[in-house]
Each structure stands twice: as structure tokens, then as C-alpha cells.
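Participant: After the sequence you'll find the predicted model.
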Amino acid sequence: MKNVTLRQLKIFEAVARHLSFSRAAEELHLTQPAVSMQVQALEDQAELPLTEQTGKKVRLTAAGEELARQARRIAEQLREAGEALAALKGVEAGRLKIGVVSTAKYFAPSLLAEFRRRHPGVELQLTVNNRGSIVRHLADNDIDLAIMGTPPSEFETVAKIFAEHPLVFIAAPDHPLAGKRRVDPQRLAEETLLIREPGSGTRGALERFLEEHRVTAGSIMELGSNETIKQAAMAGLGLSFISEHSIGLERSVGRLVKLNITGSPVIRHWRLVYRTDKRLMPAASAFVLFMDSEGSRLIEAQVGKQESIAATTAKRSKA
């Protein structure tokens, strides 16, 4: 494939991302025939089909998947080259791609907003997904940095702790355990536990808590997101173990309460993670320094504000 052009790779990457010739054409401001012609030229050079079409649906072949992966790598290398040259000129700019596990979405936007205020020349791209997807994005070099709890073990990374991450038991305000000063963990065996899917960091922490306190879980309801878990808890379907950073709004309006289960909260940590072999560009390096110096303070300030609102709401409800 000696005669492949960067333009052809860019066009094919757009087709692979959208799985649509028309949407790729729209994104690149080209006609659909022009996009089809460039993909056909790539197939001629590869001597393999890159896409297959059934009706209106476009799928990538194995060769197409591999070429799309390589096209993304080339685009990333070009981006890094541009930022490296900008750094030599003393320019702090470029694009910073950050992946955030779903639990961190409750505070990550405020952190990014503050970073953007200090570094207005940086273009930020935020991806929010479950832990498994964020790990895959890191592995494929689709993101520069990730905010998560437990770093991946599948490949080598640098993982910098920047803040504490408390996990707490929650329930609806009218739950029988709400307001009790001290609850034995064995009491959890009698409750319906609302838990995340396998592979979730929060679920793993709950399983370790139950094992450490020799609690055999009774009834379990598996739910796919923190939002669904919170809604289920508020509806009285059970109690859950969840990030304290994710329940500020619900506590502030009196819809959820923390339970005083002995041994909780369980303190984990938030980490900023990137591949060991990742060459950090100026924008990424600036964000690493920002999180190291300001991450914990900004999160604590946000949580403190939520705690104050929750306390005020609780007083009003008792009045």
C-alpha cells in the first residue's frame, strides 16, 4: 500500500467510525460518490474488501477493522507531532482527550471547566463510559488520560492518585436503617442490594467489603448505571453501595440518605491514568500538574457545598 494518501485514510476512518458513507461525506463536506471512490481506491491497493453492505447497513471486514485502527494511530501521531512542534514554539495549545469512568462524571466537568479557564488555548474532548470501555480507549490510544479508580492490569500505566474516593451505603429516607447510629454489616444479608454489572469498580469494592465482614448477600438486583441504582433506591427497591461523589444532588433534596454501616465509608482513591509509553504533549502535562495540585481541593469544595445543602435540607424536614 505504498500509494495510500493521508486523505484516503482520513476518509476511510470517518466511514469506519460512522459505519455510513453518507454521514462520512457530510462530516468531511464531500459528496457520497467521492467518499465511495476513495474507499474503492483503498480496497484496490489493499487487494481486500474493507467494507461490506447489507441493505443500508455498512460493516467493516477484518481487513477494514485493521486499517481503521492503523488510520486512527496515524492521525494520533500526526496530532502529537503538531503539538510537539507547537511546544518548541512555546505555544500551549492542542487537543486533550480525556476519558472518565461514569462515576467520575459528577465532578469531572467542573474540573475541566477550571482547567479550561486557566488554559483557554487547549481544546478538550471528554469521553464518559464504563470502566471497561475507558480501559479499551486507553489501550487503543484513543484518549490521552483517564480518570478512574483502579488502573488497568492488562498493560503498563502511570497512575497518579489525586483525591480520595469514599464509597457509602445509601437508601431512601424512609428505609428502616435510615437514621440509625450504627448498623452491623450482617444486617445487609437481610436486604436487597442494588449492584452494578460485573467488572464495575464499585461492585468489586462491595464484594470485598462483604467478604471482609463475612456477609453472605441475600437478594441482589443488578443494574447497569449509577442513575438507575439511585432511582431504584429512592423508590424503595433496596439499598446500595455507591460513590459519595455521585449522590450530592439527591442528598441535597432529601431523596437519599447515607447509612451508618460499620466499616463504611470505604475510602478508595481517584487516579489520573495514562499509558507508560505515552508521550505527554504540553496540554496533557499541564493537566497532570493541574490535577496533582488542584484536583483534591476542587472535589472537596464541591462535596463540602453538597454536604452543607444536605444538612440544611435535613433540618428543614425535621422542623
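Facilitator: All right, it came through fine. Numbers count the residues shown, from 1 in each chain.

Participant: what residues are up against Ala24?
Facilitator: Applying CB atoms under 8 Å, 6 or more residues apart in numbering to Ala24 gives the contacts 11, 14-15, 17-18, 30, 35. Quick note: C-beta positions are derived from backbone N, CA and C, even for glycine.

Participant: Mind doing that once more with 7 Å?
Facilitator: For Ala24, the contacting residues are 11, 14-15, 18, 35, by CB atoms under 7 Å, 6 or more residues apart in numbering.

Participant: Of those residues, which pair is most distant in space?
Facilitator: Ile11 and His18 (11.2 Å; CB to CB).

Participant: Which residues does the lengthiest strand in the chain contact?
Facilitator: Counting residues, the longest strand found in the chain (DSSP state E) is strand 157-171. Defining contact as CB under 7 Å, 6+ apart, one finds that strand 157-171 is touched by 149, 151, 177-178, 202, 205, 233, 239-245, 247, 256-259, 261, 264-276, 288, 291-292, 295-296, 299.

Participant: buried subset of those residues?
Facilitator: 149, 151, 177-178, 202, 205, 233, 239-245, 247, 256-259, 261, 264-266, 268, 270-275, 288, 291, 295-296, 299 (16 or more other CB atoms under 10 Å).

Participant: all strands of the stretch 101-250 of the chain, in order?
Facilitator: Remark: strands assigned in the stretch 101-250 of the chain by DSSP state E, counting those that start in this stretch are 123-129, 145-148, 157-171, 192-195, 219-222, 239-243.

Participant: Quickly note the distance from Pro146 to Ile134.
Facilitator: To be clear, residue 146 is Ala; Pro isn't right here. 5 Å (CB to CB, to the nearest Å).

Participant: which neighbours do the two share?
Facilitator: Both Ala146 and Ile134 are in contact with Gly99, where contact means CB under 7 Å, 6+ apart.

Participant: looking at this protein, which helix or strand is least sure?
Facilitator: None of the helices or strands of the chain scores lower by mean pLDDT, DSSP states H and E than helix 296-318, at a mean of 66.

Participant: All the helices of this structure, in order from the start?
Facilitator: 6-18, 21-28, 32-46, 62-88, 108-118, 131-139, 201-212, 226-234, 248-252, 282-290, 296-318 (DSSP state H).

Participant: domains of the chain?
Facilitator: What the record gives for the chain is the domain set 6-72, 76-163+270-305, 165-268, from automatic domain parsing.

Participant: Run the chain-centre distance for the first one.
Facilitator: Think domain 6-72. Domain 6-72 sits 28 Å away from the centroid of its parent chain (CA atoms, centre = their mean, to the nearest Å).

Participant: can you give me the mean pLDDT across that domain?
Facilitator: Mean pLDDT, computed over domain 6-72, is 89.

Participant: How about stretch 135-143?
Facilitator: 91.

Participant: still on that earlier bit, got CSV for the strands of the stretch 101-250 of the chain, with distance to Ala284 too?
Facilitator: Shown next, in CSV, are these (distance: least, CB to CB, whole Å):
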stretch, distance to Ala284
strand 123-129, 11
strand 145-148, 6
strand 157-171, 11
strand 192-195, 34
strand 219-222, 36
strand 239-243, 25
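
Participant: Determine which of those approaches Arg23 most closely.
Facilitator: The nearest among those, by CB to CB, is strand 123-129 at 19.0 Å.

Participant: Which secondary structure elements does that closest one sit against?
Facilitator: If contacts are counted by 3 or more CB pairs under 7 Å, 6 or more residues apart in numbering; DSSP states H and E, strand 123-129 sits against strand 95-101, helix 108-118.

Participant: Out of these, which one sits most buried?
Facilitator: strand 95-101 (a mean of 23; mean count of other CB atoms under 10 Å).

Participant: Now do that one against strand 239-243, angle only.
Facilitator: Taking axes from the mean of the first three to the mean of the last three CA atoms, to 10 degrees, one finds strand 95-101 and strand 239-243 inclined to each other by 160 degrees.

Participant: between strand 95-101 and helix 201-212, what angle do the directions make?
Facilitator: Using the same axes, to 10 degrees: strand 95-101 against helix 201-212 is 40 degrees.

Participant: wait, doesn't Ser200 sit right on Arg131?
Facilitator: Yes - at 6.5 Å, Ser200 and Arg131 qualify as touching, with contact defined as CB atoms under 7 Å.

Participant: What about Ser153, how many residues nearby?
Facilitator: 8 (other CB atoms under 10 Å).

Participant: Next one: it from Leu112, what distance?
Facilitator: Counting by CB to CB, the gap from Ser153 to Leu112 is 27 Å.

Participant: re the thing from before, direction included, what does the longest strand of the chain pair against?
Facilitator: Using DSSP bridges, strand 157-171 pairs in its sheet with strand 239-243 (antiparallel), strand 257-259 (antiparallel), strand 266-275 (antiparallel).
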